[in-house]
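Participant: Need coordinates for the below:
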Amino acid sequence: MKNSKELSGWESYSLLKRIFQALLYSSVFISFCAFALTIETYLLSELPVSIPMAVFIFMATLFTYNLSSVQSMVRRPRQQVNKLSSSWAQRHKRELAALGLAGITLATFIYFRYNLHINIWFMLHLAVISIGYTVPIVYKARKVKPLRSVPLLKVFLIAYVWAIVTTLFPMMDADVLMWDSQAMLLFARRFLFILALALLFDIRDYSYDRSTNTLTFPGLMGVESTKLLSLCLLMLYVVLAVTTETLDTQLALIASGIGAALVVAFSREDKPRLYYSLFADGAMLLHATLIFLARS
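Facilitator: Next up is the predicted model:
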């Protein structure tokens with residue numbers, strides 16, 4: 001009887017572990033972070049929350065982060081998937097490709113079904129950045145390296161796309177002018193916060209980027225100096241937040257900055273990828289949760 005209970009407990013743990021891995025490595029978790037930041041934008045701007053817009057951003061993020069699997073399976077649909085690979089993403093490449101295609105399909109449906117007010121041409125330049133970030137482009141029979149290989153560029157691209165999508169998209173849909181001072185301030189704060197976190201992924205990928213001769217901030221100035229740069233960006237973010245918000249919102253934004261700073265302080269190149277996927281991305285979810293509590 002005891003062995004039966006122990007087995008049942010182990011099976012429950014194993015199931016929970018598989019669910020946790022699926023949420024994290026399928027990019028569902030980070031897509032939910034994008035969803036939460038979008039809701040936060042409505043709360044900070046005191047605009048009516050649009051669930052269709054938040055779901056649209058969730059689905060678009062899901063597609064973007066699974067784009068490499070989509071591209072791989074589209075180019076070689078009969079390829080054999082290595083089920084013994086140590087990489088969860090490699091073992092589930094087909095499922096990730098299907099998830100990515102479902103994401104772009106649903107995002108397109110929501111965009112037209114709910115008549116979201118986002119200029120298609122404005123979205124196009126973000127699509128070019130997002131696709132070009134991971135997918136090599138063939139131009140005049142020559143393969144051009146993906147944008148992530150351009151020296152020092154990838155962290156700025158990540159922060160730029162995330163800041164626009166989670167701040168300007170919802171405000172544009174609410175008919176707020178993109179150049180409105182409130183929109184620009186919120187964009188600047190979000191950009192600084194995401195940029196500080198994006199630098200951590202340069203630290204995580206330091207060895208890989210060095211092996212591919214990709215110059216990143218850790219390669220240019222060292223890991224510790226990169227962490228210091230990230231902390232300085234968070235400090236600037238907190239200063240901007242304090243001078244543009246009041247009372248409970250100030251405290252929430254300061255707390256989110258401190259939480260992100262702790263993630264930065266404990267980051268190292270030899271930390272497991274789980275640390276960055278859970279805590280660095282999770283700092284965005286903490287950010288949104290604290291604002292939700294402050295505005296409730």
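
Participant: my guess is Ala22 meets Val28, correct?
Facilitator: Yes - with contact defined as Cβ atoms under 8 Å, Ala22 counts as touching Val28 (7.4 Å). (Each C-beta comes from the backbone N, C-alpha and C, glycine too.)

Participant: quick one, strands of the stretch 101-250 of the chain?
Facilitator: Per DSSP state E, counting those that start in this stretch, the stretch 101-250 of the chain carries strands over the ranges 137-139, 142-144.

Participant: weakest of these by average pLDDT?
Facilitator: Lowest mean pLDDT within these: strand 137-139, a mean of 53.

Participant: what about the nearest residue to Thr212 once chain neighbours are set aside, how many residues close to it?
Facilitator: Counting by Cβ to Cβ, 6 or more residues apart in numbering, the nearest residue to Thr212 once its immediate chain neighbours are dropped is Ser149, at 7.1 Å. The number of residues packed near Ser149 is 17, by other Cβ atoms under 10 Å.

Participant: And Val242, by the same measure?
Facilitator: Val242 - counted by other Cβ under 10 Å - has 15 other residues nearby.

Participant: Would you mind confirming that Val242 is in contact with Ile254?
Facilitator: Yes - using Cβ under 8 Å, Val242 is in contact with Ile254, at 6.9 Å.

Participant: So Phe32 sits against Phe58, correct?
Facilitator: Yes - taking contacts as Cβ under 8 Å, Phe32 lies within contact range of Phe58: 6.7 Å.

Participant: Who has more neighbours out of these two?
Facilitator: Remark: of Phe32 and Phe58, Phe58 carries more neighbours, 23 against 19, as counted by other Cβ under 10 Å.

Participant: in the stretch 1-150 of the chain, which ranges drop under the pLDDT threshold?
Facilitator: Along the stretch 1-150 of the chain, the model assigns pLDDT under 70 to residues 1-11, 13, 84, 86, 135-147.

Participant: As CSV, could you dump the C-alpha coordinates of stretch 252-272?
Facilitator: Taking C-alpha atoms only, stretch 252-272 is exported to CSV below (Å, rounded to 0.1, in the frame of the first residue of the first chain):
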residue,chain,number,x,y,z
ALA,A,252,4.3,49.0,-7.2
LEU,A,253,6.7,50.1,-9.9
ILE,A,254,9.6,50.5,-7.3
ALA,A,255,8.9,47.0,-6.0
SER,A,256,8.9,45.6,-9.5
GLY,A,257,12.2,47.3,-10.2
ILE,A,258,13.7,45.9,-7.0
GLY,A,259,12.4,42.4,-7.9
ALA,A,260,14.1,42.7,-11.4
ALA,A,261,17.3,44.0,-9.7
LEU,A,262,17.5,40.9,-7.5
VAL,A,263,17.2,38.7,-10.6
VAL,A,264,20.0,40.6,-12.2
ALA,A,265,22.2,40.4,-9.1
PHE,A,266,22.0,36.6,-8.9
SER,A,267,22.4,36.0,-12.7
ARG,A,268,25.5,34.2,-13.9
GLU,A,269,26.5,32.5,-17.1
ASP,A,270,26.4,29.1,-15.5
LYS,A,271,22.9,29.5,-14.1
PRO,A,272,20.5,27.0,-15.7
